[in-house]
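**Q** test case, fold it:
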Amino acid sequence: MKRRLALIAFGGNALLPENQRGLQEEQIRNAQTAAQFMVHIVKKGYELIIVHGNGPQVGNILIQMEEAVTKIPPFSLEVCDAMTEGSMGYILEKAIINELRRNSLDKEVATLITQVVVDPEDPAFQNPTKPVGPFYTKYRAQMLVREKKWTMVEDAGRGYRKVVPSPKPIDVVPKWIIRDLVRDGKIVIAAGGGGIPVIITSRGLYQGVEAVIDKDYAASLLAREVGVDLFIILTGIDRVYLNFGKPDQKECPVMTVDEAERHLMQGQFPAGSMGPKIRAAIEYIRNGGREVLITSAAHLKAALLNRSGTKIVAST
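**A** From the prediction side, this is the model:
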């Protein structure tokens with residue numbers, strides 16, 4: 001009997017929300033809460049791949065690097081990505097294993113440090129837009145531009161900040177390992193933070209680059225490559241709405257991919273919020289995916305019973 005596969009993607013703020021200090025103990029408690037809804041997916045009969053964000057976490061590492069720059073040489077952004085994949089993977093892995101044991105479920109969990117290939121000719125490299133790391137003084141920013149060729153932008157009142165490109169992912173390096181593990185019944189944590197961005201050089205070798213990959217796009221690509229049956233995208237609201245936040249706001253329990261594409265083109269889903277999630281869903285369905293479920297962690301159980309959330313499906 002073919003196993004049903006699900007992939008769930010959620011942001012790094014699930015473990016490190018803005019209203020907390022970011023203590024290790026807080027993140028461990030948050031992981032325990034996250035583990036409950038992930039194990040619930042397993043109890044519904046799915047084998048599971050987990051893709052988490054890492055924005056707050058990698059930002060904190062970059063701040064730590066800058067504070068210690070006179071004592072310890074700092075790492076590049078893609079190495080910091082790898083650090084968060086390992087640390088967050090450990091926290092999530094332990095929490096999920098413990099939750100599985102509480103539910104008398106005999107399953108193993110594996111975290112994979114995941115390289116994700118991007119195209120060096122992607123237009124994003126000519127227009128870096130994603131701010132990362134700490135704020136710098138004008139003097140320090142000018143020095144980093146000269147020494148490291150960074151692109152800096154000014155944030156009025158807060159200083160200067162490094163911006164990096166956000167290219168689209170085109171391949172997941174260990175995708176067949178991920179596929180084999182999940183098909184063998186293992187829970188896999190992979191492509192954390194969208195994965196570690198790498199390019200393929202003219203000699204056919206992998207080379208890390210300073211960039212940020214959107215975790216929803218990476219999750220969509222991985223879901224397509226592995227062939228999952230259900231792609232779950234967790235966000236801050238219970239379901240997708242048209243005219244969100246306006247008096248004529250309208251909920252969307254189900255959308256076809258054609259409808260989702262039309263609403264996106266009409267500007268219903270801004271680039272800074274729901275837009276990337278809808279685009280990721282469209283890419284998944286357009287490339288053979290079966291079903292996308294967009295909801296919040298609090299409403300996931302109800303959404304799996306068709307009582308909440310938004311389903312995006314192929315057009316008939």
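
**Q** quick check: the residue of the chain positioned farthest from its centre vs residue 133, distance?
**A** Distance from the centre of the chain peaks at residue 139, with 33.6 Å (Cα atoms, centre = their mean). As for residue 139, its distance to residue 133 is 17 Å (criterion: Cβ to Cβ, to the nearest Å). All C-beta atoms are positioned from the backbone trio N, CA, C, and that covers glycine.

**Q** list the residues that contact residue 16.
**A** Neighbour list for residue 16: 22, 26-27, 30, 56-57, 60 [criterion: Cβ atoms under 8 Å, 6 or more residues apart in numbering].

**Q** how near is it to residue 228?
**A** According to Cβ to Cβ, residue 16 and residue 228 sit 26 Å apart.

**Q** go ahead and confirm residue 153 touches residue 161.
**A** Yes - contact status for residue 153 versus residue 161: in contact at 6.0 Å, counting by Cβ atoms under 8 Å.

**Q** now the common contact residues for those two.
**A** residue 131.

**Q** the more surrounded of those two?
**A** For the pair residue 153 and residue 161, the greater number of neighbours falls to residue 161 (18 against 12), based on other Cβ atoms under 10 Å.

**Q** from what I see, residue 17 and residue 33 are in contact.
**A** No - Residue 17 is not in contact with residue 33 according to Cβ under 8 Å; the separation is 11.0 Å.

**Q** centre of the chain to stretch 29-38, how far?
**A** Its chain's C-alpha centre and that of stretch 29-38 lie 16 Å apart, by Cα atoms, centre = their mean, to the nearest Å.

**Q** can you pull the contacts of residue 14?
**A** By Cβ under 8 Å, 6+ apart, the residues touching residue 14 are 30, 34, 52-53, 234, 297.

**Q** most neighbours out of those residues, which is it?
**A** Each of the contacts of residue 14 was scored by neighbours using other Cβ under 10 Å; the highest score is residue 52's, at 29 neighbours.

**Q** excluding its backbone neighbours, what's nearest that residue?
**A** residue 192 (5.2 Å; Cβ to Cβ, 6 or more residues apart in numbering).

**Q** do the same with residue 239
**A** Excluding the flanking residues, the one nearest residue 239 by Cβ to Cβ, 6+ apart is residue 310, at 4.3 Å.

**Q** what's the answer for residue 232, then?
**A** When the adjacent residues along the chain are set aside, residue 232 lies closest to residue 8, with 4.2 Å between them (Cβ to Cβ, 6+ apart).

**Q** and residue 108, by the same measure?
**A** residue 186 (5.1 Å).

**Q** hang on, isn't the one you found packed against residue 112?
**A** No - if you go by Cβ under 8 Å, residue 186 and residue 112 don't touch, sitting 10.3 Å apart.

**Q** ok, these two, which is more surrounded?
**A** Higher neighbour count among residue 186 and residue 112: residue 112, with 20 against 16, using other Cβ under 10 Å.

**Q** local confidence estimate at the closest residue to the more buried one other than its chain neighbours?
**A** Using Cβ to Cβ, 6+ apart and skipping residues adjacent in sequence, the residue nearest residue 112 is residue 190, 4.6 Å away. With respect to pLDDT, residue 190 scores 98.

**Q** any idea how far residue 190 is from residue 225?
**A** 11 Å.

**Q** mind listing the shared neighbours of these two?
**A** Taking Cβ under 8 Å, 6+ apart as the contact rule, residue 190 and residue 225 both touch residue 172.

**Q** show me which of those two is the more surrounded one.
**A** Comparing residue 190 with residue 225 by neighbour count (other Cβ under 10 Å), the higher total belongs to residue 190, at 29 against 15.

**Q** who are the contact partners of the more buried one?
**A** Residue 190 sits next to 49-51, 111-112, 114, 172, 174, 178, 222 when contact means Cβ under 8 Å, 6+ apart.

**Q** out of these, which are buried?
**A** The neighbour count (16 or more other Cβ atoms under 10 Å) marks 49-51, 111-112, 114, 172, 174, 178, 222 as buried among the contacts of residue 190.

**Q** stretch 292-306: how far from the chain's middle?
**A** 18 Å.

**Q** which residue is the nearest non-sequential neighbour of residue 83?
**A** Nearest non-adjacent residue to residue 83, counting by Cβ to Cβ, 6+ apart: residue 61, 5.9 Å away.
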